[in-house]
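[1] Kindly return the folded structure for what I paste below:
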Amino acid sequence: MIRVTIEILPKGDESKKRHIGTIEIANDGTGSSTIGNYLIRLAKFGSAKQTWLHGKLQGFDRVRRGPYDLLLQSLLATLGPRNSEALKEYKQQTQGQNLEKEEV
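    Residues are numbered from 1 along each chain as shown. Model prediction:
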């Protein structure tokens with residue numbers, strides 16, 4: 001399972017951190033060595049244990065995609081429908097642009 005926890009650290013102070021979100025991405029065991037199928041759980045704001053949303057991601061290409069792609073696709077699988085307008089705007093704004101990535 002992959003777990004990503006989102007915390008806010010007021011003024012960078014680790015001792016005052018607060019949980020604001022968690023996503024858990026668990027392999028459901030039905031894929032193969034090259035294609036993964038996953039169960040997704042998003043935790044409620046302020047409570048890592050309490051489920052807010054859940055969903056599924058099927059057909060993830062493990063060979064050509066990495067962990068950030070898995071995170072993005074998992075977020076889209078669960079939150080995409082409620083963000084359809086924002087996704088449409090992003091697609092329009094970036095259409096035809098050569099989005100270069102800067103590797104460090």
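
[2] ranges for the strands of this structure?
    All strands of the chain, identified by DSSP state E, fall at 2-8, 18-27, 35-44, 47-61.

[3] Which elements pack onto the longest helix belonging to the chain?
    For the chain, the helix with the greatest residue count under DSSP state H is helix 67-79. Secondary-structure packing of helix 67-79 (3 or more CB pairs under 8 Å, 6 or more residues apart in numbering; DSSP states H and E): strand 2-8, strand 18-27, strand 35-44, strand 47-61. C-beta here means a position set from N, CA and C on the backbone, and glycine is covered the same way.

[4] Let me know which of those strands is tucked in deepest.
    Across the helices and strands packed on helix 67-79, averaging neighbours per residue (mean count of other CB atoms under 10 Å) puts strand 35-44 on top, at a mean of 18.

[5] Check which helices and strands it sits against.
    When contacts are defined as 3+ CB pairs under 8 Å, 6+ apart, strand 35-44 packs onto strand 18-27, strand 47-61, helix 67-79.

[6] Which one of these lies nearest to Ile35?
    Closest approach to Ile35 among the helices and strands packed on strand 35-44 is made by strand 47-61 (5.8 Å; CB to CB).
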